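**Student:** sequence unknown, structure follows:
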């Protein structure tokens, strides 16, 4: 809001100055008109020259007819400047109106965002309705503010440069005018880019399907689980899930939007309940019931439906911010207010969403405690935190070696828990579950909200190692628990292998982008050499012409001197250009698969030894700075190089070179990037072939 207000205040100040400037030039024009009239009246009628007629201009006194001519020129110039000042007086009101309207829009957005964020914490429906309206209005409001701020800036710049426009412009004034034109043009281009980008923020939003790693289990596959789920839904008064999905990754969650299963690719819609098999096996029956009841309570409270309504708001505001940020750097700070307004709206909405998320988590915990018990719900919260490290470690170990992984990851997780024990539940009391749009309360807060004290007996029960026969309780849920666990394990390991193969193919493609041959970069000196030769030829032709026909206004002796000097210059230019052409283009860099060779350094700098690479342009070419880590050998100078600076203390190698032929700075940066990425890809492939090839673990969101 301060920047628009600054434009408004500056416009008010310029308005007074504009009026004063116009008045001064108008008075000068009137004065000079009187002087011209007086001189015209004094012109002799007989055509004689009267040197008593005098006029002083630009520090010089003119007499006779010249005095009248200079007076008329001064009068006309003052008239032109008066007209210019008259037009210039239009600009301050533009700055005032534009700055005032932009500031007013800022105030409206701030008040609306803060107000909706506050009242939205009293009603989710108000929250969704209010910010849905803001999502639609924010892009045009930001566009209007950007255009107004740009208009105010351009008006201020033109007003301030208006005084530079006068007959006989000097070099300094021309430079200032060019600088002002560049600044105004950059602001207009940046504003146009942002406004065009804001149109995309108004486009309809379609959420991407939620990826879920698992498989659907029907009532025939899981009769006990479906009976338990349906019974809990009936007791809660909640809608039943339309699909139950089980897998070996992630934690419990529910969703009500589109989803796609991996690795099968099956598309699902509607209410989905996801259950992780390792937790089903390693948690007690009442703990599982409490967690399922908690998830179903989200359906009873309409939480998943509201979450789906939140997504377009997040997406719309985020796209608005992206559009403004795209032109922010080149806009001289003009887009800063609009960008901050968008961030403010996003923050207000996020805080209100978080308020409801935390409130609904407490409500869902309470619902789970009603249909089971507060003790079971508290144990479930604590025990899930204790089990997680053991389950994740089992999955990580299988992902690191999928070809030798266990046939049943659920049984492997049980074996690991029995052999190594579980984490102390007290360690995870401050844990917050991650969520795409909010943060859940900590485990300590959730247990306290259940009215259950965290005493030693509760912690001991939550951290107890599951018995060896724990897998047997899966038979109460599924018709074929062993077959289901093995099928889910196959899904997991198959996905890991597919990801591993895709990653290896990507590494091989990246490594192959750089051949085994070295690429030599040479300085593009031929154009400069041709310029020297052409300049030498031009001086030589001029000298010969002077020797043959002379030079008007110079006596022959002086013409010979000038011609001799021109011939000497021609010889120097032509000789320098010819020398550079015969010398050829200097090798500046040699890019090899293993590293970067620089003439003038005693060793090749390997790509893995470059911690950071920075390219900046200057008047003569490009400056490359290489930062080497402390453990990397630092090069020393060798004969044959130039433009190299070594800073061993800061571990920086600076290379100043001309751009290679037909290369732009970005082309050179991309070339360096390809070689670095290829070297990294070869190193990772070598490590994988040596057996160190951990693969990413497919995961599901945790609700």
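**Tutor:** Okay, I see it. In this text the structure is predicted, and so the values were computed from the model without any measurement.

**Student:** for residue 615, which non-adjacent residue is closest in space?
**Tutor:** Nearest non-adjacent residue to residue 615, counting by C-beta to C-beta, 6 or more residues apart in numbering: residue 669, 5.2 Å away. Any C-beta I mention is one placed from the backbone N, CA and C, and that applies to glycine too.

**Student:** so which elements touch the helix or strand where the one you found lies?
**Tutor:** Using DSSP states H and E, residue 669 sits within helix 665-689. Where contact means 3 or more C-beta pairs under 8 Å, 6 or more residues apart in numbering; DSSP states H and E, helix 665-689 is packed against helix 481-512, strand 587-592, strand 612-617.

**Student:** after the longest one, next one along is what?
**Tutor:** Right, helix 481-512. Downstream of helix 481-512, the next assigned helix or strand under DSSP H and E is strand 519-522.

**Student:** now whichever helix or strand comes after that following strand: average pLDDT?
**Tutor:** Downstream of strand 519-522, the first helix or strand assigned by DSSP H and E is helix 526-549. Average pLDDT, helix 526-549: 76.

**Student:** tell me how far helix 526-549 lies from the chain's centre.
**Tutor:** Mean-position distance between helix 526-549 and its chain equals 52 Å (C-alpha atoms, centre = their mean, to the nearest Å).

**Student:** same check, this time on stretch 240-253
**Tutor:** Chain-centre distance of stretch 240-253: 35 Å, with C-alpha atoms, centre = their mean.

**Student:** I'd like the next helix or strand past the helix ranked longest in the chain.
**Tutor:** Counting residues, the longest helix in the chain under DSSP state H turns out to be helix 2-42. Remark: after helix 2-42, the chain's next helix or strand is strand 54-57, criterion DSSP H and E.

**Student:** low-confidence bits of the stretch 401-550 of the chain, can you list those?
**Tutor:** 432-439, 524-529, 549-550 (pLDDT under 70).

**Student:** and the helices and strands packed on helix 665-689: which comes nearest residue 348?
**Tutor:** The closest of those to residue 348 is strand 612-617. By C-beta to C-beta, the value is 37.9 Å.

**Student:** ok, residue 604 to residue 598 distance?
**Tutor:** Noted for residue 604: a distance of 8 Å to residue 598, by C-beta to C-beta, to the nearest Å.

**Student:** looking at those two, which is more packed in?
**Tutor:** residue 598 (25 against 15; other C-beta atoms under 10 Å).

**Student:** residue contacts, that one?
**Tutor:** Counting by C-beta atoms under 8 Å, 6 or more residues apart in numbering, residue 598 touches 588-590, 605, 635, 641, 644, 653, 655.

**Student:** now do residue 264
**Tutor:** By C-beta under 8 Å, 6+ apart, the contact list for residue 264 reads 215, 491.

**Student:** what do you get for the one 4 residues further on?
**Tutor:** By C-beta under 8 Å, 6+ apart, residue 268 lies in contact with 212, 216, 243, 245, 258-261.

**Student:** how does it look with 10 Å?
**Tutor:** Listed by C-beta atoms under 10 Å, 6 or more residues apart in numbering, the contact set of residue 268 reads 209-210, 212, 216, 242-243, 245, 255, 257-261.

**Student:** if we can go back for a sec, report the distance from the longest helix of the chain to the chain centre.
**Tutor:** When distances are taken as C-alpha atoms, centre = their mean, helix 2-42 is centred 47 Å away from the chain's centroid.

**Student:** what helices and strands are in contact with it?
**Tutor:** Helix 2-42 sits against strand 54-57, helix 65-88, helix 91-119, helix 124-162, helix 336-371, with contacts defined as 3 or more C-beta pairs under 10 Å, 6 or more residues apart in numbering; DSSP states H and E.

**Student:** so residue 415 makes contact with residue 394?
**Tutor:** Yes. Between residue 415 and residue 394 there is a contact under C-beta atoms under 10 Å: 8.5 Å.

**Student:** what sits in contact with each of the two?
**Tutor:** What both residue 415 and residue 394 touch, as defined by C-beta under 10 Å, 6+ apart, is the set residue 406.

**Student:** more neighbours: which of these two?
**Tutor:** Shown here are residue 415 and residue 394; by other C-beta under 10 Å, residue 394 has more neighbours (23 against 15).
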